[in-house]
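Engineer: can't give you the sequence, but here's the structure:
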């Protein structure tokens, strides 16, 4: 799961100097001097100061000046203290300039405490990124769910799982259990039991959710074991998926090993949860428990994807000694390429090995992220349409559960609709995060002169044209009904048992059986009442005379196999060789090769005329060929 931590802000941000300065300055009440940053990849040691909920990364000179500020020393006394305890020779005037230009704007001085202008408002659940533009790879819609008062008592107990005497054998058992599951037992029976047992899939998902919460306590407990304090846990949207997070910003004052242990603590706890689940299976032989382990294993593998801010990414950054690859990529490349503004970069010079890891990471990640960005942007319409269809299908499952009184099916359908909706919201946030900096960049580029405005306008038009060329082909045009379609008024659509007399042959709607007909091809007639229920869900019912030529029947069979919401069956006494029916619509055809048949299917399969469009067309009655 994404860890939420704020990298130390640097003292060389563009900040406003503060002119008013007390004769004997004092540090703000919420300021703590934490000492040197350990295990980092910088050429010169960076020093850490905490102010409220934020960390500030400063040079040693600024840190030594802050050490001398106690509210009792005057500027000349502070200068004398710094000179006596360091290699620098500083004067009172130089101390004044450092405090006014650096420490005071960062809010470190009591009488001038203010938030730095470049950092903006402090977030409720900060990340390892300080950026003016929201990155698509940051956690959005963050909501803090647990605070330190609830977390700390648990982490103080769970931290003992990191004792080497417990950690090593537990990891060994976890690896052995995974080997047994993959090499000896397998997942087939577990998946089948979880999917096909009514209500059991919901149980599996809820337990997997509990495993994800336990994962977050792995991060928190590892931080506690290393001597840090967790600042909160919560949930949000990462990319397009719901995710939990743990704020482990305090790990920056720990050494490299402690930070990496914090990064990987969630995976360790996930393995322990899987080990306990496998142990429970050995006692109960309940196969569905192993489906939970499968979901946990998929999550663990996902955590090691290095192109997103997940556990593996943070472990890599801490091993490299760089607070955050993504937020530092611009300053790093500016320094590597020796661009004009590299001297004022907020990223201090890196050691050669750390810079090499950083450069290699960017060489691999930038092309991959560019390709993924292209797929996300170009496939946005298809994703939106798939989301719409998925919601309709889940709505049908909900209605089916309501009609049969199956509360588990209803709850599962609502949960899946919520998750699908969150995915769509996540996609919208990603597109916004990608589009906003581009739009702002074009606007700022074009402001100074008319030629630059013209260039910005042309670039904007070109981008719009490119998006149109990618998106418009994916948007299906609403198929027009073919000529000859008859429309009917359907007065009632109640669930009834027994025979129903319909006004049309075949029927186009009305009261019907509580059980729908499974979509597909049938070689024998089916019951009207079941087919009408399927049409209520958006199915098209194609009926044909029993004496229709074999080649025509084969054509209808292929159509039924090709389309999802189509039922094909013989029907004695038809008024035409082939009749296509949808809810309140009907078309009589002389042949299965009439092109109007395909038009009818495109216009009315899952069409707006169906009262319960998107309802299930499987799981009912009938065994199509």
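Structural biologist: Perfect, thanks for sending it. Everything quoted here is computed from the prediction, not taken from an experiment.
Engineer: surely residue 380 is in contact with residue 471?
Structural biologist: Yes - between residue 380 and residue 471 there is a contact at 6.9 Å, judged by C-beta atoms under 8 Å. Bear in mind the C-beta positions are built from the backbone N, C-alpha and C, glycine included.
Engineer: report the buried residues of the one helix or strand residue 212 maps to.
Structural biologist: Residue 212 belongs to helix 200-225 when elements are defined using DSSP states H and E. Going by neighbour count (16 or more other C-beta atoms under 10 Å), the buried part of helix 200-225 is 200-205, 207-208, 211-225.
Engineer: hmm, who's touching stretch 70-89?
Structural biologist: Contacts of stretch 70-89 from elsewhere in the structure, counted by C-beta atoms under 8 Å, 6 or more residues apart in numbering, are 23-27, 60-61, 64-65, 67-69, 90-96, 110.
Engineer: ok so, going back, which residues does the helix or strand just after the helix holding residue 212 contact?
Structural biologist: On the C-terminal side of helix 200-225, the closest following helix or strand by DSSP H and E is strand 232-238. Contacts of strand 232-238 with the rest of the structure, by C-beta under 8 Å, 6+ apart, involve 2, 4, 125, 139-148, 151, 216, 220, 242-247, 308-309, 422, 425-426, 429.
Engineer: please redo it, this time with the cut-off set to 6 Å
Structural biologist: For strand 232-238, contacts defined as C-beta atoms under 6 Å, 6 or more residues apart in numbering pick out 2, 125, 139-147, 216, 244-247, 426.
Engineer: buried ones only from the residues you listed, please, as a ChimeraX command.
Structural biologist: Taking 16+ other C-beta under 10 Å as the burial criterion, the selection of buried members of those in ChimeraX is written as:
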select :2,125,139,140,142,144,146,216,244,245,246,247,426
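Engineer: now do the helices in the stretch 401-550 of the chain.
Structural biologist: 407-446, 450-471, 528-536, 550-562 (DSSP state H, counting those that start in this stretch).
Engineer: how does the protein divide up, domain by domain?
Structural biologist: Each structural domain of the chain that the record assigns through automatic domain parsing is listed here as a residue range: 17-112, 139-359, 399-474, 486-604.
Engineer: could you measure from residue 91 over to residue 459?
Structural biologist: Relative to residue 459, residue 91 is positioned 51 Å away (criterion: C-beta to C-beta, to the nearest Å).
Engineer: and residue 407, by the same measure?
Structural biologist: Counting by C-beta to C-beta, the separation of residue 407 from residue 459 is 55 Å.
Engineer: of these two, who's got more company?
Structural biologist: Each of residue 407 and residue 459 had its neighbours counted (other C-beta atoms under 10 Å), and the higher figure belongs to residue 459 (15 against 11).
Engineer: re the thing from before, counting by contacts, list what the helix holding residue 212 packs against.
Structural biologist: For helix 200-225, the packing partners by 3 or more C-beta pairs under 6 Å, 6 or more residues apart in numbering; DSSP states H and E come out as helix 148-158, helix 188-196, strand 241-247, helix 256-284, helix 288-303.
Engineer: now the first one: buried residues?
Structural biologist: Pointing back at helix 148-158 there. By neighbour count with 16+ other C-beta under 10 Å, helix 148-158 contains the buried residues 151, 155, 158.
Engineer: mind listing what's buried in stretch 608-623?
Structural biologist: Using 16+ other C-beta under 10 Å as the test for burial, stretch 608-623 gives 609, 610, 611, 612, 613, 614, 615, 616, 617, 620, 622.
Engineer: quote the end-to-end distance of that stretch.
Structural biologist: According to C-alpha to C-alpha, to the nearest Å, stretch 608-623 extends 27 Å from its N-terminal end residue to its C-terminal end residue.
Engineer: in the stretch 501-625 of the chain, which spans are strands?
Structural biologist: Residue ranges of the strands in the stretch 501-625 of the chain, as given by DSSP state E, counting those that start in this stretch, are 520-521, 540-544, 566-570, 578-582, 585-589.
Engineer: sorry, back to before: can I get the helices and strands packed on helix 200-225 in a markdown table with distance to residue 451 and mean pLDDT?
Structural biologist: Conversion of those to a markdown table gives the following (distance: least, C-beta to C-beta, whole Å; pLDDT from 0 to 100):
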| stretch | distance to residue 451 | mean pLDDT |
| --- | --- | --- |
| helix 148-158 | 56 | 92 |
| helix 188-196 | 62 | 82 |
| strand 241-247 | 44 | 83 |
| helix 256-284 | 49 | 93 |
| helix 288-303 | 48 | 91 |
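Engineer: which among the ones you listed is found nearest to residue 415?
Structural biologist: Within these, the stretch nearest residue 415 is strand 241-247; the backing value is 10.9 Å (C-beta to C-beta).
Engineer: thinking again about what came up before, can I get the helices and strands packed on helix 200-225 in TSV with distance to residue 518?
Structural biologist: Shown next, in TSV, are the helices and strands packed on helix 200-225 (distance: least, C-beta to C-beta, whole Å):
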stretch	distance to residue 518
helix 148-158	49
helix 188-196	16
strand 241-247	32
helix 256-284	34
helix 288-303	26
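Engineer: which one, of the ones you listed, ends up nearest to residue 447?
Structural biologist: Using C-beta to C-beta, the helices and strands packed on helix 200-225 put strand 241-247 closest to residue 447, at 37.5 Å.
Engineer: ok, and the closest non-adjacent residue to residue 485?
Structural biologist: Among residues not flanking residue 485 along the chain, residue 587 sits closest, at 5.0 Å (C-beta to C-beta, 6 or more residues apart in numbering).
Engineer: what do you get for residue 51?
Structural biologist: Sequence neighbours aside, residue 31 is the residue nearest to residue 51 in space, at 5.2 Å (criterion: C-beta to C-beta, 6+ apart).
Engineer: got the contact list for the residue nearest in space to the middle of the chain?
Structural biologist: Note on the chain: the residue nearest the mean C-alpha position is residue 241, at 2.5 Å, using C-alpha atoms, centre = their mean. Taking C-beta under 6 Å, 6+ apart, we find residue 241 in contact with no residue.
Engineer: cool, residue 453 as well?
Structural biologist: By C-beta under 6 Å, 6+ apart, residue 453 lies in contact with residue 446.
Engineer: distance of it from residue 439?
Structural biologist: If you go by C-beta to C-beta, the gap between residue 453 and residue 439 works out to 14 Å.
Engineer: what of residue 216?
Structural biologist: Distance of residue 216 to residue 439, computed by C-beta to C-beta: 35 Å.
Engineer: chain center to stretch 556-567, what's the gap?
Structural biologist: On the basis of C-alpha atoms, centre = their mean, to the nearest Å, stretch 556-567 sits 35 Å off its chain's mean C-alpha point.
Engineer: how far does that stretch stretch from start to finish?
Structural biologist: Between the opening and closing residues of stretch 556-567 there is a gap of 10 Å (C-alpha to C-alpha).
Engineer: now stretch 231-243
Structural biologist: End-to-end distance of stretch 231-243 (C-alpha to C-alpha): 17 Å.
Engineer: residues of that stretch that come out buried?
Structural biologist: Within stretch 231-243, the residues that count as buried by 16+ other C-beta under 10 Å are 231, 232, 233, 234, 235, 236, 237, 238, 239, 240, 242, 243.
Engineer: one more: stretch 248-263?
Structural biologist: Burial within stretch 248-263, assessed by neighbour count using 16+ other C-beta under 10 Å, is assigned to 248-256, 258-263.
Engineer: do the same with stretch 39-49
Structural biologist: So, applying 16+ other C-beta under 10 Å, buried residues of stretch 39-49: 40, 41, 42, 46, 47, 48, 49.
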